[in-house]
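Trainee: only geometry, no sequence info:
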């Protein structure tokens with residue numbers, strides 16, 4: 001029993017330290033944002049123009065920019081040699097036809113295989129995140145969907161963003177609250193997104209201390225309902241709510257629900273909408 005009480009007291013003390021270090025509860029001071037893409041409506045091209053080009057390829061990203069997108073979404077993993085690579089799946093089979101994990105291959109080995117598109121090898125090869133940064137610079141907002149959750153990964157991404165001076169044109173997304181809190185506390189100039197923020201988790205946001213709070217909240221479009229959007233509006237978070245899984249079938253529904261930032265699977269039928277917010 002004594003050990004139990006000591007454990008409880010230690011947990012309470014640790015929680016109190018976190019709350020104090022995090023600036024207490026409430027909204028972030030100021031707007032909490034350092035973001036050049038904070039206009040009302042912002043559309044992100046999901047993995048570039050994945051319906052027309054290999055996903056997460058330079059060709060797809062540039063095609064999205066040519067189509068009028070002001071923002072793109074991409075996925076980040078680590079290779080065997082600790083390179084930050086643009087790659088969605090943990091296993092390489094679907095994308096480059098090799099039945100092994102990304103982290104078991106070096107970047108040079110990944111780059112040897114061409115990205116598959118409609119089942120066939122394309123002209124595109126796997127990119128490093130730095131390749132994308134060097135190519136687009138700060139001409140477009142980049143949403144980085146980080147697939148690993150450890151602070152070493154976070155540190156590498158933050159360092160690369162700072163080297164290229166892209167603090168105002170990148171947002172770092174992760175579903176792990178500790179990952180987000182670590183960045184927010186140590187690097188508040190970096191924009192962050194807490195993914196998986198579905199209806200029913202509103203109370204979690206209120207319990208996050210100010211200095212640990214994410215800048216944006218994200219989930220699949222299908223998970224958003226009217227009560228959740230009422231909560232978003234009442235807390236002044238409308239311009240910080242992002243939904244992914246948007247396509248030509250549900251785009252209008254998401255817009256009517258009050259969503260202002262969407263990660264969409266681009267289809268030419270949405271071209272007029274993209275140009276509307278160019």
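Mentor: Perfect, I can see it now. Predicted, not measured: the structure shown is a model, and the values here were computed from it.
Trainee: the stretch 151-278 of the chain: helices as residue ranges?
Mentor: Along the stretch 151-278 of the chain, counting by DSSP state H, counting those that start in this stretch, helices occupy 151-163, 177-186, 202-207, 226-234, 251-256, 271-276.
Trainee: mean pLDDT for these: which is lowest?
Mentor: Mean pLDDT values for the helices of the stretch 151-278 of the chain show the minimum at helix 271-276, a mean of 87.
Trainee: for that helix, buried residues please.
Mentor: 273-274 (16 or more other Cβ atoms under 10 Å). C-beta coordinates here come from the backbone N, C-alpha and C atoms, glycine included.
Trainee: show residues contacting it.
Mentor: 43, 67-69, 251, 266 (Cβ atoms under 8 Å, 6 or more residues apart in numbering).
Trainee: mind listing residues that contact stretch 81-92?
Mentor: The contact list for stretch 81-92 (Cβ under 8 Å, 6+ apart) reads 47, 55-56, 74-79, 95, 98-102, 105-108, 110, 113, 126-132, 147, 156-157, 160.
Trainee: scratch that, stretch 224-238 is what I was asking about
Mentor: Here stretch 224-238 makes contact (Cβ under 8 Å, 6+ apart) with 27, 198-199, 202, 205, 217, 241, 243, 254, 257-260.
Trainee: neighbours of residue 252, how many?
Mentor: Look at residue 252: counted by other Cβ atoms under 10 Å, it has 12 neighbours.
Trainee: ok, it to residue 262 distance?
Mentor: From residue 252 across to residue 262, the span is 11 Å (Cβ to Cβ, to the nearest Å).
Trainee: now the helices: where do they sit in the stretch 1-150 of the chain?
Mentor: Under the criterion DSSP H, counting those that start in this stretch, the stretch 1-150 of the chain contains helices at 2-21, 58-67, 93-96, 107-111, 129-136.
Trainee: just the buried residues of the third one, please?
Mentor: Just to be clear, that refers to helix 93-96. Neighbour counts over helix 93-96 (16+ other Cβ under 10 Å) mark 95-96 as buried.
Trainee: which strands and helices lie in contact with that helix?
Mentor: Helices and strands touching helix 93-96, by 3 or more Cβ pairs under 8 Å, 6 or more residues apart in numbering; DSSP states H and E, are strand 114-117.
Trainee: any chance you could list what contacts the strand it packs on?
Mentor: The contact list for strand 114-117 (Cβ under 8 Å, 6+ apart) reads 53-57, 94-97, 121-126.
Trainee: neighbouring strands for that strand, and are they parallel or not?
Mentor: In the sheet, strand 114-117 lines up against strand 120-125 (antiparallel) (DSSP bridges).
Trainee: the strand it pairs with versus helix 129-136: what angle between them?
Mentor: Here strand 120-125 runs at an angle of 70 degrees relative to helix 129-136 (axes from the mean of the first three to the mean of the last three Cα atoms, to 10 degrees).
Trainee: buried sites along strand 120-125?
Mentor: Neighbour counts over strand 120-125 (16+ other Cβ under 10 Å) mark 124-125 as buried.
Trainee: picking up where we left off before, closest to residue 194 out of the helices of the stretch 151-278 of the chain?
Mentor: Nearest to residue 194 among those is helix 177-186 (5.2 Å), distances taken as Cβ to Cβ.
Trainee: quick one: distance of stretch 267-275 to the chain centre.
Mentor: Offset of stretch 267-275 from its chain centre (Cα atoms, centre = their mean, to the nearest Å): 22 Å.
Trainee: and it, how far apart are its ends?
Mentor: Length of stretch 267-275, first residue to last, Cα to Cα, to the nearest Å: 13 Å.
Trainee: next: stretch 247-261.
Mentor: 13 Å.
Trainee: cheers, nothing more for now.
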